[in-house]
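**Q** next one to model:
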Amino acid sequence: MSAQESAEERTIITERHGDHLLVIRMNRPHRRNAFDGATARALEAVIDAYEEDDTLRCAVLTGSDIVFSAGQDLIAAAHRDLGATRRRGGFGIMALPPTKPIIAAVEGHALAGGLELCLACDLIVASRTATMGIPEAARSLVAVGGGLFRLPRRIPYHIAMELAITGKAWPATRFAELGLVNRLTEPGEALAGALELAREVLAAAPLAVRASKQIVQRSYAWDESDAWTVQFDYARPALDSEDMREGLAAFAEKRQPVWKGR
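**A** As a prediction, this is how the structure comes out:
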């Protein structure tokens, strides 16, 4: 984006909250935060910058008070302008999410790729009035942004199948009952709820948080016999860190730890 480009013109807007938290806001109200190629590239650039900034330890992805995201911009798609990047995939995040935590804060609709964006995040906070689903099959489309293989890993198989082959959208309250949504908020409070959850993440040691996320994500592909060994490939940096020693000292001294991320 150009230096002169205003916040209103940017499709992805970021702002820091304190020293360690990044809020990422989708900003295409005229397309209900649907993604074209430029928006996907903009989100990928933001995710790359988040990964590279060692001071940032958690991110929140949100839309507006009306809509989280309607998914792929179908008008752009009709002109072969797909919301994807070569490296991070769908919407600049779906195939290669950040290694650091990211939380979805959902108001309004999170449909099709919008729900798949949520599935690319680690935690989901949603308004009680939010609606979520993968309606692709009802439009003779297929949810290829991860929804069809991520949903069955996170909610019961038959429930995921019903969503996939009926194309129906359900309220966030139902997804909370199923365990997909971590926390429900009152309308208009999803971002505040996500920031509160992010602060809880930030209270934990950053290297241990990253290691824990990587192990949880990758464990689906591991045999239990292999997992006992392979997990240490990700855990070792945290277990050998200054922060590990600080955590033990803080516990013994009955004080809050001061994390350095090393």
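
**Q** could you use CA atoms for every contact and neighbour count after this?
**A** OK.

**Q** and the helices in the chain?
**A** Secondary structure of the chain (DSSP state H): helices at 37-52, 74-78, 113-119, 147-154, 157-166, 172-178, 190-202, 206-218, 224-239, 242-253.

**Q** could you dump those to CSV with mean pLDDT and distance to Asp19?
**A** Converted to CSV, the helices of the chain look like this (pLDDT from 0 to 100; distance: least, Cα to Cα, whole Å):
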stretch, mean pLDDT, distance to Asp19
helix 37-52, 98, 13
helix 74-78, 93, 37
helix 113-119, 98, 24
helix 147-154, 96, 32
helix 157-166, 97, 38
helix 172-178, 98, 30
helix 190-202, 98, 10
helix 206-218, 95, 13
helix 224-239, 94, 21
helix 242-253, 92, 18
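
**Q** which one of the ones you listed is the most hemmed in?
**A** With neighbours taken as mean count of other Cα atoms under 10 Å, these reach their highest mean count in helix 113-119, at a mean of 27.

**Q** how far off centre is that one?
**A** Distance of helix 113-119 from the chain centroid (Cα atoms, centre = their mean, to the nearest Å) equals 8 Å.

**Q** alpha carbons of that helix, as PDB, please.
**A** Presented in PDB, the C-alpha positions along helix 113-119 are these (Å, rounded to 0.1, in the frame of the first residue of the first chain):
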ATOM      1  CA  GLY A 113     -14.400 -18.500   3.700                       C
ATOM      2  CA  GLY A 114     -15.400 -16.400   6.700                       C
ATOM      3  CA  LEU A 115     -15.800 -19.500   8.800                       C
ATOM      4  CA  GLU A 116     -12.700 -21.000   7.300                       C
ATOM      5  CA  LEU A 117     -10.800 -17.900   8.400                       C
ATOM      6  CA  CYS A 118     -12.000 -18.700  12.000                       C
ATOM      7  CA  LEU A 119     -10.700 -22.200  11.600                       C
END
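
**Q** spit out the contact partners of the spatially most central residue of the chain.
**A** Closest to where the C-alpha atoms of the chain average out (Cα atoms, centre = their mean) is Cys121, at 2.0 Å. Neighbour list for Cys121: Pro97, Pro101, Ile102, Ile103, Ala104 [criterion: Cα atoms under 8 Å, 6 or more residues apart in numbering].

**Q** if we use 7 Å, what do you get?
**A** In this structure, Cys121 makes contact with Ile102, Ile103, Ala104, judged by Cα atoms under 7 Å, 6 or more residues apart in numbering.

**Q** distance of the closest residue to Arg88 other than its chain neighbours relative to Leu197?
**A** Ranked by Cα to Cα, 6 or more residues apart in numbering and with sequence neighbours excluded, the top spatial neighbour of Arg88 is Leu96, at 4.6 Å. Applying Cα to Cα, to the nearest Å, the value for Leu96 to Leu197 is 23 Å.

**Q** repeat that for Ala204.
**A** Taking Cα to Cα, one finds Ala204 at 12 Å from Leu197.

**Q** cool, and Glu189?
**A** The value you get for Glu189 to Leu197, if Cα to Cα is used, is 12 Å.
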